[in-house]
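Peer 1: dropping a prediction and its sequence here:
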Amino acid sequence: MRRIITMALALCLLGGGALMAAPTTVTMMQLKVEIKDALDNYAAKYSAAHPGVTVSVETLGGGADFGGAIKAKIQAGQMPDIFVIEGQGQYNVFKDYIADLSDQPWVKDTDLAFKQNGKVYGFPVSIEGYGLAYNADILKKAGVDPASLTTRAAYEKAFAKIDGMKKALGLDAVVAMAASVSGGMWWVAGQHNLAAYWGGGLAADDTSVIQKALKGQVDDARFLQYAKYVQLLFKYADKNILLNGSYDNQVGSFAQGKTAFLHQGNWVDPNMKQLGVTFKMGYAPHAFLDTVEKGLYLFAPSWYCVNPKSPNAAAAKAFLASIAMTPDGQDYMVNQAGMIPAFKSVKLQPKGQLSQALMAANAKGGNYGVFFGMLPDGAGQNVFGPIYDLFAQNPDNIDQFVSDMKKAIAGLPKM
Amino acid sequence: MTRRRLAAKVLAEALVVLLLAVFLIPFAMVVVNSAKTSKDILFHTLDLPANWGQLFVNIGLIFNNRTVHYANAFLDSALITFFSLAVIVLFSSMCAWALVRTKSAWSTILFFAFVAAMVIPFQVLMFPLVRWMRVLGDLIHFKLLQSIPGMVFAYLGFGCPLSIFILHGFIKNIPYELEESATIDGCSQARTFFEIVFPLLQPIIITVLILNGIWIWNDYLLPLLMLGSNGAVQTIPVAVTAFAGAYLKQWDLILTSTLIAMLPVIVLYLFAQRYIIKGMIEGAIK
Amino acid sequence: MQRHSLTKALFVLPCLLAFVMVMLVPFFYGLFYSLTDWNGVSDSINFIGFAHFGRVFTQPGFLYSFLVTIAYTAINVVLVNVVGFALALLVTGNLRFRNFYRAGFFAPYLIGGIVLGYIWQFIFNNAVPALGAALASQSMQVSLLSRADAVIWAMSAVNTWQYAGYVMLIFIAAIQAIPVSLMEAAKIDGAGYFRRVTRILIPMTANAFTITLFLTLTTSFKQYDMNFTLTRGGPAARFLDQPVNASQLLAMNIFNTAQANHMAEAQAKAVILFVALVVVSLVQVSINKRKEVEQ
């Protein structure tokens, strides 16, 4: 009976960890289980090459609440030397523990460092990004050219066409989109999809729309176009996945060729490998406007920060610099961890198809910024999540969706 | 046996078998899916495994995993569970006996404090707990965080209210005359307890062991808070989460490692079942 | 006598020490934080009195969680105890392999966490709709977890599956403690099975009900783990004209609040949960105790 709380609570508050540092042990805490092996290996390699310095990495599993974990660390008096923040909200909370990295050698080699008032505070872990992933084989059979998908009208036509050929193509539905609270997928809609409204069709550093929202205001004409795009996605989405599906359900459906489009980023590459996918795929833009949009959404999902209160801060900074600036570090990022490096001088290519598509888009330019990290903490999960869930339950009721969202955005300044 | 009673009996048997099937289907799903690859778990969840040998492949993967030290976690979990149970049983029965055999206001107040504490949601405690454990550890120069003794101490604190509650009910029903005669014979209080009372507690202690054992063995949050996810000391539930990334979940390893973790509890339970019920009959219920 | 008291005080000490250090001190720490603006990290902690307590009751999300937790608890208290009692009746009957059945019914109590949620999610979202398709039943093809009006029942069903076997054990013990002669006498007097259950078994096990009701009440009220793995609070519903999460119980509401760096507000909500639980369980125990006395 005392077993009140179990596994699931992973999501909150985690603590403890690597032993309190001997003077030359750099402790690092990160949350990408996917790169745990690669990072542990690189840390061991680095430690071996630098006598007197040991880098010890703690990786948090289970899609855990990283902010909560760091909080517990601070409570326990074991703040790691290097840790991760995922955006403005966490920066605000942890800023007492975040060092100025402006003088670091890698700063001029990246556009994606975490900046605040002109100073650099975070080392970009990688580039991640997304558009609407498509199964090239299915589109070819259906006679849809992915290059034509640059406006909402084009999507409407393509979706209707593929929907009519579902049986012949062996599809359950056109789109694999998940938006449910119950599947834990609020972030697909409330963060990644909504990012189209914040940044789509604008210059990559244009934050005017989200700045307005943070003051509680909505650009009505733009939002209506966006809402119609969401409606389109929801109408052609597999209903089970949309209303209930987990990440595994959503990605699994696309991987089995039961849906033609997938609303996910390049982080699905390892899933595709695990599921033995052989078909060709690529990214089409989230073109929600009436005008043409061709860009994808690129961003640094998280940044490494250094704890300035630690006696090991200098060694921690040197370790980060080695990742960006040495051949071994770059090999770790790209070949071992399969990430897209955020540093322009890196010439290596990741193996995943979607990662390659993003790299190509990055080289071409004209992509859009991703700004959901600027929202107050909890806005995506606690405020937008249920609104999208309700809209998914009844996609015809677009007016309700628009009014709910306007009300929610009006409440942002008070959060 | 009349025909009607026979029919009733057959009906009851059929009903109980049906219910049992409903209760055990989820278990069957764990076992069946432990013998599959991740891909098959996702795409063919309901099918029987193509090859039961995969179960051993998965077990091998778990124990040979370079970054998740499952064998160590198993040992740490066993040590923490064992020592926690030992102190919970010993100290809770001492405490419960002292409370029963002392007729005073403070013993009543203490007993009700323990019972009332069973109502405190863990959520109220968890945020301040880690901070306090650090302060306390610094104060007494003893590491409470990231150590097995600290963990055992915490489990004693969280486990003793329910245990005292159960033991209290049992001890109340032990005739006082037994102890009285020993005291008259010149036996000290401590000896009276350990030589006469404690052996009588055996059936109820098994209940206490099982209930606390299941909880401690499966507990996730407290070890995570106090030990960290990658510290020198790690428990199985924490280790298992390392198989689950934010995006890529290795279901083959998650399910198989859960199955392995479940086995000792099930085996112990099967052995102890008779005593659990006996303990409950003679204990908490009266 | 002096020495006796000393021995007993020493006997109480270890538990008391651990209890105070692990539960009481953090509990009062928590009370203190609920009256501040602490965000969980910062060293600046300002005392703001009861501001959080007033504010949380204006949040539709929190109010809804509060109400749905009460509903969920009420359903559970009935379901778990009815099923648990029925199971106890079955396996105390004259069956072969009854120990095997008992073990089987208790077994779900041994499983927990991620796996439990994953499996039941699969059953609700895939297995039942597949069965519904096979039976051509329209209503079975919509997952209960996606219906705001049904999700609480689905959660209660899983909770019953998990706890009924445990409650069953307590009832078995209580039933076996009833003198066989009593039941035999009633049988000879011509009382039917149903009558024997309602007139003898239930009154004679009244004290077991006090315990099982208390346990189901408190665990349901504090439920988090299964809530998280099975529904994560979804699907969304509308309450006071605001989208809320239809199955978000109080504990989860508290966690999500803490996660969003409103640590002090989360503490305040936790204190409210505690007070509500104390009140409800006190009422329950005192009602039950009165019933026991009447018997």
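Peer 2: Received the coordinates, thanks. Predicted model only: the values in this text are computed from it and were never measured.
Peer 1: and residue 75, how many neighbours does it have?
Peer 2: Defaulting to chain A. 24 (other CB atoms under 10 Å in any protein chain shown). All C-beta spots, glycine's among them, are computed from the backbone N, C-alpha and C.
Peer 1: try again with chain C
Peer 2: Residue C:75: 18 neighbours (other CB under 10 Å).
Peer 1: give the contact list for it.
Peer 2: C:152, C:153, C:156 (CB atoms under 8 Å, 6 or more residues apart in numbering or on different chains).
Peer 1: just name the closest of those residues to chain B, please.
Peer 2: When the contacts of residue C:75 are compared for distance to chain B (CB to the nearest CB), residue C:156 wins out at 15.1 Å.
Peer 1: please tell me how far that closest one sits from residue A:252.
Peer 2: Computed as CB to CB, to the nearest Å, the residue C:156 to residue A:252 distance reads 29 Å.
Peer 1: in the stretch 51-200 of chain B, which residue sits closest to chain C?
Peer 2: When scored by CB to the nearest CB, the stretch 51-200 of chain B has residue B:157 as its residue closest to chain C, at 2.7 Å.
Peer 1: that residue sits in which helix or strand?
Peer 2: Element membership for residue B:157 (DSSP states H and E) is helix B:148-172.
Peer 1: now the helix or strand just after that helix, how far from the chain's geometric center?
Peer 2: Downstream of helix B:148-172, the first helix or strand assigned by DSSP H and E is helix B:176-184. Here helix B:176-184 is found 34 Å from its chain centre; the criterion is CA atoms, centre = their mean, to the nearest Å.
Peer 1: which residues are contacting helix B:176-184?
Peer 2: Contact with helix B:176-184 is made by B:101, B:189, B:191, B:192, B:195, B:196, B:197, B:200, as judged by CB under 8 Å, 6+ apart.
Peer 1: in strands, which of those residues appear?
Peer 2: The strands, defined by DSSP state E, take in nothing from these.
Peer 1: among the residues you listed, the buried ones, what's the ChimeraX command?
Peer 2: In ChimeraX, a selection of the buried entries from these looks like this (16 or more other CB atoms under 10 Å in any protein chain shown):
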select /B:101,189,192,196,197
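Peer 1: in stretch B:95-104, what's buried?
Peer 2: Neighbour-count burial for stretch B:95-104, counted by 16+ other CB under 10 Å, picks out B:95, B:96, B:97, B:98, B:99, B:100, B:101, B:102.
Peer 1: could you redo these as a markdown table and give each row pLDDT and distance to chain C?
Peer 2: Shown next, in a markdown table, are the buried residues of stretch B:95-104 (pLDDT from 0 to 100; distance: CB to the nearest CB, whole Å):
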| residue | pLDDT | distance to chain C |
| --- | --- | --- |
| B:95 | 96 | 4 |
| B:96 | 95 | 9 |
| B:97 | 94 | 7 |
| B:98 | 94 | 4 |
| B:99 | 94 | 7 |
| B:100 | 92 | 10 |
| B:101 | 90 | 7 |
| B:102 | 89 | 5 |
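Peer 1: let's see the helix or strand where residue A:322 lies as CSV, backbone CA atoms only.
Peer 2: Here residue A:322, judged by DSSP H and E, is contained in helix A:313-325. The C-alpha coordinates for helix A:313-325 follow below in CSV (Å, rounded to 0.1, in the frame of the first residue of the first chain):
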residue,chain,number,x,y,z
ALA,A,313,34.4,25.3,-14.5
ALA,A,314,37.5,25.8,-16.6
ALA,A,315,38.0,22.0,-17.2
ALA,A,316,34.3,21.8,-18.1
LYS,A,317,34.6,24.6,-20.7
ALA,A,318,37.7,22.8,-22.2
PHE,A,319,35.7,19.6,-22.5
LEU,A,320,32.9,21.3,-24.3
ALA,A,321,35.3,23.1,-26.6
SER,A,322,36.9,19.8,-27.5
ILE,A,323,33.5,18.4,-28.7
ALA,A,324,33.1,21.3,-31.2
MET,A,325,36.7,21.9,-32.2
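Peer 1: check which residues of it are buried.
Peer 2: Neighbour-count burial for helix A:313-325 flags A:313, A:315, A:316, A:317, A:318, A:319, A:320, A:321, A:322, A:323, A:324, A:325 (criterion: 16+ other CB under 10 Å).
Peer 1: quick check: residue A:186 touching residue A:381?
Peer 2: Yes. Taking contacts as CB atoms under 8 Å, residue A:186 lies within contact range of residue A:381: 5.6 Å.
Peer 1: contacts for the helix holding residue A:322, please.
Peer 2: Helix A:313-325 is contacted by residues A:24, A:26, A:28, A:42-43, A:46, A:53, A:55, A:81-82, A:99, A:101, A:104-106, A:109-110, A:123, A:304, A:306-307, A:310, A:328-330, A:332-333, A:341, A:343 when judged by CB under 8 Å, 6+ apart.
Peer 1: distance from the chain centre to it, please.
Peer 2: Relative to the mean C-alpha coordinate of its chain, helix A:313-325 is positioned 24 Å out (CA atoms, centre = their mean).
Peer 1: likewise for stretch B:204-224?
Peer 2: Using CA atoms, centre = their mean, the offset of stretch B:204-224 from its chain centre is 2 Å.
Peer 1: ditto for stretch B:187-201
Peer 2: 26 Å.
Peer 1: do stretch A:215-229 as well
Peer 2: 22 Å.
Peer 1: before we move on, what about stretch B:84-100?
Peer 2: Chain-centre distance of stretch B:84-100: 16 Å, with CA atoms, centre = their mean.
Peer 1: now swap in stretch B:70-84 and tell me
Peer 2: Centroid displacement of stretch B:70-84 relative to its chain, using CA atoms, centre = their mean, is 12 Å.
Peer 1: which positions in it come out as buried?
Peer 2: Result for stretch B:70-84 [16+ other CB under 10 Å]: buried residues B:70, B:73, B:74, B:76, B:77, B:80, B:81, B:83, B:84.
Peer 1: show me what contacts the residue in the stretch 1-150 of chain B positioned nearest to chain A?
Peer 2: Using CB to the nearest CB, the single residue of the stretch 1-150 of chain B nearest to chain A is residue B:131, 4.1 Å away. Shown in contact with residue B:131 (CB under 8 Å, 6+ apart): A:75, A:76, C:29.
Peer 1: over to residue C:38: give its phi and psi.
Peer 2: Torsion angles at residue C:38 (phi, psi; degrees, to the nearest 10) stand at phi -60, psi 140.
Peer 1: I'd say it and residue C:45 touch.
Peer 2: Yes. Counting by CB under 8 Å, residue C:38 does reach residue C:45; the two are 4.8 Å apart.
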